[in-house]
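Visitor: Sequence below, structure please.
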Amino acid sequence: MIEGLPALYIFMLSAFTGYEVISRVPVILHTPLMSGSNFVHGIVLVGAMIVMGEAEGTLELSIGFVAVAMAAGNAVGGFVATIRMLEMFQTANKQQGAN
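Guide: Numbering: from 1, shown residues only. As a prediction, this is how the structure comes out:
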């Protein structure tokens, strides 16, 4: 596993790259982008669970638990936001027929 300064360097590069990519997305593409990012958040959740499963000490277990809880909240919140955004695109006739 990568530790120390190289890990920090990779993290900073990925954060900068992610910011640059997301900031250049047109407004019309934000809904499909959110849907795709929810997929990535699901993968992050699985990774956090795998890492927590290999934790050995109390500190590692507590950090793993926080990571799993935050990843789960992020994935669920993303799906809720996507559903709400998609509901805004429904026509008035479809909304009245559902009620």
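
Visitor: So residue 71 sits against residue 45, correct?
Guide: Yes: taking CB atoms under 8 Å as the definition, residue 71 is a contact partner of residue 45 at 4.1 Å. C-betas here are computed from N, CA, C, even on glycine.

Visitor: Tally up the residues packed near the nearest residue to residue 44 once chain neighbours are set aside, please.
Guide: Here the nearest residue to residue 44 in space, its sequence neighbours aside, is residue 71; by CB to CB, 6 or more residues apart in numbering that works out to 4.9 Å. Residue 71 has 19 neighbours, counted by other CB atoms under 10 Å.

Visitor: Residue 84 sits in which helix or strand?
Guide: Taking DSSP states H and E as the criterion, residue 84 maps to helix 58-88.

Visitor: Can you name every helix or strand that that helix contacts?
Guide: Contact partners of helix 58-88 among helices and strands, from 3 or more CB pairs under 8 Å, 6 or more residues apart in numbering; DSSP states H and E: helix 30-53.

Visitor: Just the C-alphas of the helix it packs on, formatted as PDB.
Guide: The C-alpha atoms that make up helix 30-53 are tabulated as PDB, following Å, rounded to 0.1, in the frame of the first residue of the first chain:
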ATOM      1  CA  HIS A  30     -25.600  17.600 -14.000                       C
ATOM      2  CA  THR A  31     -28.500  15.100 -13.700                       C
ATOM      3  CA  PRO A  32     -26.700  12.300 -15.700                       C
ATOM      4  CA  LEU A  33     -23.500  13.200 -13.900                       C
ATOM      5  CA  MET A  34     -25.100  12.700 -10.500                       C
ATOM      6  CA  SER A  35     -26.400   9.300 -11.600                       C
ATOM      7  CA  GLY A  36     -22.900   8.300 -12.600                       C
ATOM      8  CA  SER A  37     -21.400   9.600  -9.400                       C
ATOM      9  CA  ASN A  38     -23.900   7.600  -7.400                       C
ATOM     10  CA  PHE A  39     -22.400   4.500  -9.000                       C
ATOM     11  CA  VAL A  40     -18.900   5.600  -7.900                       C
ATOM     12  CA  HIS A  41     -20.200   6.300  -4.300                       C
ATOM     13  CA  GLY A  42     -21.500   2.700  -4.200                       C
ATOM     14  CA  ILE A  43     -18.000   1.400  -5.100                       C
ATOM     15  CA  VAL A  44     -16.500   3.600  -2.400                       C
ATOM     16  CA  LEU A  45     -19.000   2.100   0.100                       C
ATOM     17  CA  VAL A  46     -17.900  -1.400  -0.900                       C
ATOM     18  CA  GLY A  47     -14.200  -0.400  -0.600                       C
ATOM     19  CA  ALA A  48     -14.900   1.000   2.900                       C
ATOM     20  CA  MET A  49     -16.500  -2.200   4.000                       C
ATOM     21  CA  ILE A  50     -13.600  -4.300   2.700                       C
ATOM     22  CA  VAL A  51     -11.100  -2.100   4.500                       C
ATOM     23  CA  MET A  52     -13.100  -2.200   7.700                       C
ATOM     24  CA  GLY A  53     -13.300  -5.900   7.500                       C
END
